[in-house]
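Enquirer: Okay, structure incoming, though there's no sequence with it:
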């Protein structure tokens, strides 16, 4: 076995991946990484302008992708999105359930609309997208991979005012395990990535504050993660290198949860 033989296991030539929430942030990063490794990528989100920005980045790097406007909280939109993806690129065999939101309010001030908005986007959408994806593959007797984006908030309390977010991510982690068990007989693997504090443009200013710096000190590695430090686990779970992994929730958190 050569180095090239090992590296080849991480390539995604011939794969078609759909990434929800691909218009910005980690979703954009995931889409670009998958495209760079050879996958054709379906960019799914509601914001067409931002999706086009992601598309332009991928095309400029020599990748192949298309955009679909999809609202993951609406079942009809999900069905239509997968049909459009099939027409444009072919049968999707990798699903990245990345779309998510957070509403930071005390439980007393969290309305049921707030609660439902978070649960519908972070949890129900994962179930709905996974169901459509899996059925399409099962009907054709094809294998596939689902990667859900959970969070260390599924295991620990990250703050006073994130009850809906933490609850949704805890449910996503367990949904990952239950779907993995259900879909295993069909050759569909289901895993999740649980990031810790990852530095982004949206949170950079906060982590420059005293409160932010205090939070970083609690991480055993004493620093924030960078978005590119999720690339390795993403490719492991999407590629043949991870062909015997299912039902796993993989933390990428600098040791935060064990501290």
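Expert: Okay, I see it. Keep in mind that what you see is a predicted model, and the values were worked out from it rather than measured.

Enquirer: The chain: helices as residue ranges?
Expert: Counting by DSSP state H, the segments of the chain that form helices are 3-8, 25-36, 48-60, 75-88, 112-119, 125-139, 163-183, 204-207, 210-217, 231-238.

Enquirer: Throw those into CSV and include mean pLDDT, thanks.
Expert: Below are the helices of the chain laid out as CSV (pLDDT from 0 to 100):
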stretch, mean pLDDT
helix 3-8, 94
helix 25-36, 98
helix 48-60, 98
helix 75-88, 98
helix 112-119, 98
helix 125-139, 99
helix 163-183, 98
helix 204-207, 88
helix 210-217, 92
helix 231-238, 99
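
Enquirer: Among those, which comes closest to residue 149?
Expert: helix 25-36 (7.0 Å; CB to CB). Every C-beta, even on glycine, is put in place using the N, C-alpha and C of the backbone.

Enquirer: Which elements pack onto that closest one?
Expert: In terms of contacts (3 or more CB pairs under 8 Å, 6 or more residues apart in numbering; DSSP states H and E), helix 25-36 is packed against strand 16-20, strand 40-45, helix 48-60, strand 64-69, strand 94-97, helix 231-238.

Enquirer: Of these, which is nearest residue 247?
Expert: Closest to residue 247 of these is helix 231-238 (CB to CB; 11.5 Å).

Enquirer: before we move on, back to that, tell me the most buried of the helices of the chain?
Expert: Compared across those, helix 25-36 shows the largest average neighbour count, a mean of 23 (mean count of other CB atoms under 10 Å).

Enquirer: For residue 79, find the nearest of the helices and strands packed on helix 25-36.
Expert: In terms of CB to CB, the element of these nearest to residue 79 is strand 64-69, at 11.7 Å.

Enquirer: List the pairing partners of the closest one within its sheet, with orientation.
Expert: Sheet pairing of strand 64-69 (DSSP bridges) gives strand 40-45 (parallel).

Enquirer: Tell me what angle the strand it pairs with forms with helix 125-139.
Expert: 150 degrees (axes from the mean of the first three to the mean of the last three CA atoms, to 10 degrees).

Enquirer: what residues does strand 40-45 touch?
Expert: 15-24, 27, 31, 34-35, 51, 54-55, 58, 63-70, 72, 81, 85, 88-90, 92, 99 (CB atoms under 8 Å, 6 or more residues apart in numbering).

Enquirer: got it, and stretch 110-118?
Expert: 101, 102, 103, 105, 163, 164, 165, 168.

Enquirer: Grab the nearest non-local neighbour of the last one.
Expert: When you say that, I think you mean residue 168. Computed as CB to CB, 6 or more residues apart in numbering, the closest residue to residue 168 that is not its neighbour in sequence is residue 122, at 3.7 Å.
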